[in-house]
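# coordinates only, sequence not included:
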């Protein structure tokens, strides 16, 4: 690669100042300041223009997103008919009016008697049975999974 030894403008000797990306400079520092010649500015502007063009082209060529399709099973209880928002507000108002009526004590007691609650029953660090509630008999809480209960199954039911 050709590398000049003298400045093109004034003829001064060009002393190398170490390796640079723009090795083939043709003017000295004084002439570069005087003429406003900045050799790497064109390269930076060129790289920026290429990057901008690549970004714009990529955005232009990107495929459009597919349409949103909601699929339901054939046994879905939802209908395909459009929703009437006026009916929805009426049903909410009716539900609020009905919920304000207090349930009788008989229905509240019957619901409470039917529910069976179980406890974990596994040994804790303290040595006592765990009192956390679980959904089914023989099941353990998240902390004691895989451990055995330390009390008999009859005592795992909370009345």
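Great, that's in hand. Keep in mind that this is a model prediction, so the values were computed, not measured.
# For stretch 149-159, the averaged confidence score.
In this model, stretch 149-159 has a mean pLDDT of 84.
# ok, the residue most central in space within the chain to residue 56 distance?
By C-alpha atoms, centre = their mean, the chain has its centre lying nearest to residue 65, at 19.1 Å. Separation of residue 65 from residue 56 (C-beta to C-beta, to the nearest Å): 19 Å. Glycine gets a C-beta too; all of them are placed from N, C-alpha and C.
# ok so, going back, which of the helices or strands spans the residue nearest to the centre of the chain?
For residue 65, there is no host helix or strand (DSSP states H and E).
# before we move on, what about residue 46?
helix 39-61.
# any idea how far that helix is from the chain center?
31 Å (C-alpha atoms, centre = their mean, to the nearest Å).
# Go through it and flag the buried ones.
By neighbour count with 16 or more other C-beta atoms under 10 Å, helix 39-61 contains no buried residues.
# Now the element after the worst-scoring helix or strand of the chain on mean pLDDT, going C-ward?
Sorted by mean pLDDT, DSSP states H and E, the helices and strands of the chain end with helix 105-114, the least confident at a mean of 53. Remark: after helix 105-114, the chain's next helix or strand is strand 117-119, criterion DSSP H and E.
# Please list the outside residues in contact with that following strand.
129-137, 139, 156-158 (C-beta atoms under 8 Å, 6 or more residues apart in numbering).
# got the domain boundaries for the protein?
1-60, 114-159 (automatic domain parsing).
# possible to save those domains as TSV with distance to residue 77?
TSV is the format used below for these (distance: least, C-beta to C-beta, whole Å):
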stretch	distance to residue 77
domain 1-60	43
domain 114-159	25
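# which of these is buried the deepest?
Comparing the domains of the chain by mean neighbour count (mean count of other C-beta atoms under 10 Å), domain 114-159 ranks first with a mean of 13.
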